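A.B. asks: I would like to see how this sequence folds:
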Amino acid sequence: MGDSFSVLQSKLIYEGYIISLYVDTVQTPTGQEYEREVVRHLDAVGVVALTDQQEVVLVRQYRHPIEDMLLEIPAGLLKELENPVECAIRELKEETGYTAKRIEKLAEFYTSAGFTNEKFYLYFSDDIEVGEHEREPGEEGMELEVIPLKDALSMVAQGEISDAKTLTAILMAAQRVGSIAQ
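C.D. replies: Just a heads-up that it's a prediction; the model follows:
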């Protein structure tokens with residue numbers, strides 16, 4: 001925690017498979033106390049993968065909290081003691097069938113530090129090989145979409161891609177391959 005903030009109490013409200021909700025009592029450097037709702041979330045990993053033709057490998061899937069379909073990069077939760085690189089390679093294969101022959105880290109960021117500790121590890125691969133997906137239960141209805149990078153950039157600009165990790169991934173991938181200025 002920061003040099004002068006301290007947690008006086010942390011009360012567990014709910015504990016689920018993916019998240020736990022706490023209400024923390026925090027003391028500021030001036031001695032003020034306040035409560036904050038905190039969602040402790042498993043860390044997650046995603047990969048932006050490009051084909052030899054500079055097409056982005058994406059999946060369209062139903063997201064219940066927003067009751068809609070979203071176009072996203074392949075991503076998933078980091079299993080206990082799993083290396084983020086291994087998770088990125090696993091999620092790409094499971095959701096799309098593509099295998100990353102080479103992969104590199106693009107970024108590591110907090111998804112919404114105002115209320116959750118979820119950290120997201122973003123990877124990039126432009127050396128992939130097509131194969132058969134290995135989707136898990138709960139991923140029914142997921143659809144593979146392979147879209148030219150320039151079209152994906154247009155979709156970002158027009159608000160047709162609205163998932164935050166996917167926006168970040170497409171923009172960083174475009175910068176990496178020189179489709180947008182650095």
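A.B. asks: Could you list the low-pLDDT ranges of this structure?
C.D. replies: 1-3, 180-182 (pLDDT under 70).
A.B. asks: For the closest residue to R176 other than its chain neighbours, name its beta-bridge partners.
C.D. replies: Once flanking residues are discounted, R176 sits nearest to F124: 6.1 Å by C-beta to C-beta, 6 or more residues apart in numbering. Heads up, the C-betas are built off the backbone N, CA and C, glycines and all. Assessed by DSSP bridges, F124 has beta-bridge partners V48, E104.
A.B. asks: With the one 5 residues further on instead?
C.D. replies: Following DSSP bridges, E129 is listed with bridge partners T99.
A.B. asks: My guess is L92 contacts D127. True?
C.D. replies: No: between L92 and D127 there is no contact under C-beta atoms under 8 Å: 11.7 Å.
A.B. asks: Going along the chain from the host helix or strand of L12, find the next helix or strand for me.
C.D. replies: Per DSSP states H and E, L12 falls inside strand 6-15. The element immediately downstream of strand 6-15 (helix or strand, assigned by DSSP H and E) is strand 19-27.
A.B. asks: Which residues are in contact with E37?
C.D. replies: Contact analysis of E37 by C-beta atoms under 8 Å, 6 or more residues apart in numbering lists L21, Y22, V23, F115.
A.B. asks: Can you tell me the element it falls in?
C.D. replies: Using DSSP H and E, E37 sits within strand 33-41.
A.B. asks: What are the phi and psi values at E145?
C.D. replies: The phi and psi values for E145, taken as degrees, to the nearest 10, are phi -130, psi 130.
A.B. asks: Can you tell me how far it is from I19?
C.D. replies: E145 sits 28 Å away from I19, going by C-beta to C-beta, to the nearest Å.
A.B. asks: again, but for G97
C.D. replies: 29 Å.
A.B. asks: the more surrounded of these two?
C.D. replies: Under the criterion of other C-beta atoms under 10 Å, the comparison of G97 against I19 puts G97 first, with 18 against 13.
A.B. asks: Next, the contact list for the more buried one, please.
C.D. replies: The contact partners of G97, taken as C-beta under 8 Å, 6+ apart, are V130, G131, E132, H133, E134, L144.
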